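A predicted structure for the sequence below; I have some questions about it.
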Amino acid sequence: MAQNPEAETYSSIPLAQLAVAACKAHGISRVVISPGSRNAPLTLGFTNDPYFDCFSIVDERVAAFFGLGMSQFDGIPTVLICTSGSAVLNYFPAVAEAYYSRIPLVVLSADRPAHKIDIADGQTIKQFGVFGDHVSFSAQCQEDCGPESINHHYFQEALNIAFSAKRPVHLNLPFEEPLYELVEKPLVNYTLLHTPTQVAAMQLPVDFLDDFDRAERIMIIAGVMPPESVSFETLDKLLNDPRVLMLTETTSNLHHPKIVSGIDQLIAALDSEELEQLRPDLLITFGGMVVSKKIKALLRGQAPKWHWHVDPLEAYDTYFALKGHIQSTATHFVNELPEKQGTNRSSYQEDWLTKRDNFRENHYRYLAAIPFSDLKVYGAVFDALPKGVIMQVANSAAIRYAQLFELPENVAVYCNRGTSGIDGSTSTAIGHAVSSEKPVLFVTGDLSFFYDSNALWNNYTPANFRIILINNSGGGIFRILPGDKSKANFTTYFETVHGLRAESLAQMYGWGYSSANSITELQQHLGGGFWKGDRPAILEVFTPREANDQLLLDYFATVKSGSIKD
């Protein structure tokens, strides 16, 4: 964190002073700055005020995901500051992720004055509104920043929305030269005006209560949720109803003996008759995005009679059957549910939990029998997770493999599922680790890691940060997905076969490095020194490139039948 020990000084530009004063008044203290000249008034203002924790990240795309990881940790907005021109465009992937994952970011993009746009002046583009509908507020500030300036209103509204909507906002700030001058006293004042919010006591809709009463089979699906969103006691009340079958994912961070935590493991090999038996009368959903494509395909093809989504802000029609939106937290919703009388005859929950237990047993038998492969490696990694670790998981194959395993209750799981891209997973994990006192483990595939390798270029990564990189020399998920793998262009344009290793990157950035080429070597590292040391470290696991797809296909068949192929 960059702190200036000298006395406070201020940019001579009032608009820059306003930005600093507004963020301070709203209690926003984290600022990620990418170097530039046009943003110098902001950089000087924030770094000269000891209230702010300032981080310098050169690559704007990395900087934005780094800030996203910080806000993902505690839900408090992080400020992103960049210079004019293409710099702000590099924020877009993280802004989109923040929007769909409901993570608050405050983008302050420096710009040239309006009369210098589109006259062939250097480093200028049309910056205002560049994020379109992927921010919850956007404004073009004025150069004039007197007491009656509309800029005060813009900051007031933008920062209030960032907190209340938990989404990114964007303010575009034009600055004219000179950019580096300082003054000893502020030229503007900012008064925080809280927008009053009245939260009415939530009552469950009558239509929903009718559906809940009539339903014989109730399925609940929980998507992405922060840890400790719903207590064990609340889940206990919900799952005491034998009509209720609850499906969760690793990113739901929910644990209870009566939930199904491996959706694909349960439904992948079911026949049409079994799928019809699983089909619910009433579907209740809460949380964010769901990883499983199989459950989406099932419920879109065999729609429930009624679907209600529970969320304080908005409703997702993920399964094309949405009937209503219950504006509530999951906990408050469950506490408001009436106790259903005379439901002991239902065997919906019991029948599917019995299948779950049988499939889990076959899961472990299969893992023990198969050769060294991606699936076996993920199993070994998840078995060795230290107590209390925070686990960030990259998108693509990594997060999909994670859904097949039952993870420990004391491990918090995060993944950028808003847009499900591989582009900023490493940067997000490092930003999260900087904000958290707990150790953070990032589990990733090779394409995601090398795509975002600039994430390692910073001075803030904690010594207890660890990366486990499963390197199968290409985009292994494309071997799992449908497609003709025999065509000549498959390995180049889909699988993207490569021979890259992470060792040289670790050496360049001063990280620890170790590797494994067998399950024995992997388990030795996981059982010993990998978790120790005074610097961040990478464990790179080299797995076969071509065996994984068939092993995964056989896995789903074996989980159901219990019969292992020779």
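Happy to help now that I have it.

Determine which residue lies closest to the centroid of this structure.
Asn416 (2.7 Å; Cα atoms, centre = their mean).

the helices in the stretch 151-300 of the chain, which residues?
Applying DSSP state H, counting those that start in this stretch to the stretch 151-300 of the chain gives helices spanning 206-214, 232-239, 263-267, 272-278, 293-301.

Let me know which of those is tucked in deepest.
helix 263-267 (a mean of 23; mean count of other Cβ atoms under 10 Å). Bear in mind the C-beta positions are built from the backbone N, C-alpha and C, glycine included.

sorry, back to before: could the helices of the stretch 151-300 of the chain be laid out in CSV, adding mean pLDDT?
Shown next, in CSV, are those (pLDDT from 0 to 100):
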stretch, mean pLDDT
helix 206-214, 96
helix 232-239, 95
helix 263-267, 93
helix 272-278, 93
helix 293-301, 94
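
for these, which one sits closest to Ala315?
Among the helices of the stretch 151-300 of the chain, the nearest to Ala315 by Cβ to Cβ is helix 206-214 (12.2 Å).

chain center to the closest one: distance?
With Cα atoms, centre = their mean, to the nearest Å as the basis, helix 206-214 stands 33 Å off its chain's centre.

do the same with stretch 297-305
Remark: stretch 297-305 is offset 26 Å from the chain centroid, using Cα atoms, centre = their mean.

Give me the distance between the two termini of that stretch.
End-to-end span of stretch 297-305 (Cα to Cα, to the nearest Å): 16 Å.

Number the chain from 315, please
Sure, I'll start numbering at 315, so the last one becomes stretch 611-619.

Name the residues that touch that stretch?
525, 529, 533, 581, 589-590, 592-597, 633-635 (Cβ atoms under 8 Å, 6 or more residues apart in numbering).

And those, which is closest to Ala479?
Nearest to Ala479 among these, with distances taken as Cβ to Cβ, is Tyr633, at 24.4 Å.

Disregarding residues adjacent in the polypeptide, which is nearest to the closest one?
Leu613 (4.2 Å; Cβ to Cβ, 6 or more residues apart in numbering).

and stretch 392-402, how far from the chain's centre?
Using Cα atoms, centre = their mean, the offset of stretch 392-402 from its chain centre is 21 Å.

Output that stretch as PDB, nothing but the C-alphas.
What follows is stretch 392-402, C-alpha atoms only, in PDB (Å, rounded to 0.1, in the frame of the first residue of the first chain):
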ATOM      1  CA  THR A 392     -13.000   0.000  -4.500                       C
ATOM      2  CA  VAL A 393     -11.900   3.000  -6.600                       C
ATOM      3  CA  LEU A 394     -10.300   2.400 -10.000                       C
ATOM      4  CA  ILE A 395      -8.300   5.300 -11.500                       C
ATOM      5  CA  CYS A 396      -6.900   5.400 -15.000                       C
ATOM      6  CA  THR A 397      -5.600   7.900 -17.600                       C
ATOM      7  CA  SER A 398      -7.500   8.800 -20.800                       C
ATOM      8  CA  GLY A 399      -7.800   6.900 -24.000                       C
ATOM      9  CA  SER A 400      -7.700   3.100 -24.400                       C
ATOM     10  CA  ALA A 401      -6.800   2.700 -20.700                       C
ATOM     11  CA  VAL A 402     -10.500   2.900 -19.600                       C
END
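
Pull the residues that contact that stretch.
337, 342, 344-353, 356-357, 360, 374, 377-378, 381-382, 384-385, 404-405, 418-426, 436-439, 441, 444.

can you rerun that using 7 Å?
337, 342, 344-348, 350-353, 356-357, 374, 377-378, 381, 384-385, 405, 419-426, 437-439, 441, 444 (Cβ atoms under 7 Å, 6 or more residues apart in numbering).

Now it: buried residues?
Thr392, Val393, Leu394, Ile395, Cys396, Thr397, Ser398, Gly399, Ala401, Val402 (16 or more other Cβ atoms under 10 Å).

how about those residues in CSV, adding secondary structure, pLDDT and distance to Leu496?
Compiled in CSV, the buried residues of stretch 392-402 are given as follows (DSSP: H, G, I helix; E, B strand; the rest coil; pLDDT from 0 to 100; distance: Cβ to Cβ, whole Å):
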residue, secondary structure, pLDDT, distance to Leu496
Thr392, strand, 98, 25
Val393, strand, 98, 20
Leu394, strand, 98, 23
Ile395, strand, 98, 17
Cys396, strand, 97, 21
Thr397, coil, 94, 19
Ser398, coil, 92, 21
Gly399, helix, 86, 25
Ala401, helix, 94, 23
Val402, helix, 95, 25
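
could these go into JSON lines alongside distance to Pro541?
Shown next, in JSON lines, are the buried residues of stretch 392-402 (distance: Cβ to Cβ, whole Å):
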{"residue": "Thr392", "distance to Pro541": "20"}
{"residue": "Val393", "distance to Pro541": "25"}
{"residue": "Leu394", "distance to Pro541": "25"}
{"residue": "Ile395", "distance to Pro541": "30"}
{"residue": "Cys396", "distance to Pro541": "31"}
{"residue": "Thr397", "distance to Pro541": "36"}
{"residue": "Ser398", "distance to Pro541": "39"}
{"residue": "Gly399", "distance to Pro541": "39"}
{"residue": "Ala401", "distance to Pro541": "34"}
{"residue": "Val402", "distance to Pro541": "33"}
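
between these, which is closest to Asn649?
Distances from Asn649 to the buried residues of stretch 392-402, taken by Cβ to Cβ, are shortest for Thr392, at 32.6 Å.

For the closest one, which non-adjacent residue is spatially closest?
Nearest non-adjacent residue to Thr392 (Cβ to Cβ, 6+ apart): Gly381, at 3.9 Å.

Let me know how buried the one you found is, in neighbour terms.
Applying other Cβ atoms under 10 Å, we find 33 residues neighbouring Gly381.

That one: which element?
Element membership for Gly381, per DSSP states H and E: helix 374-388.

residues of that helix that come out buried?
374-387.

got those as a markdown table, with distance to Phe779 columns?
Conversion of the buried residues of helix 374-388 to a markdown table gives the following (distance: Cβ to Cβ, whole Å):
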| residue | distance to Phe779 |
| --- | --- |
| Glu374 | 22 |
| Arg375 | 20 |
| Val376 | 15 |
| Ala377 | 17 |
| Ala378 | 19 |
| Phe379 | 15 |
| Phe380 | 13 |
| Gly381 | 17 |
| Leu382 | 16 |
| Gly383 | 11 |
| Met384 | 14 |
| Ser385 | 18 |
| Gln386 | 15 |
| Phe387 | 13 |
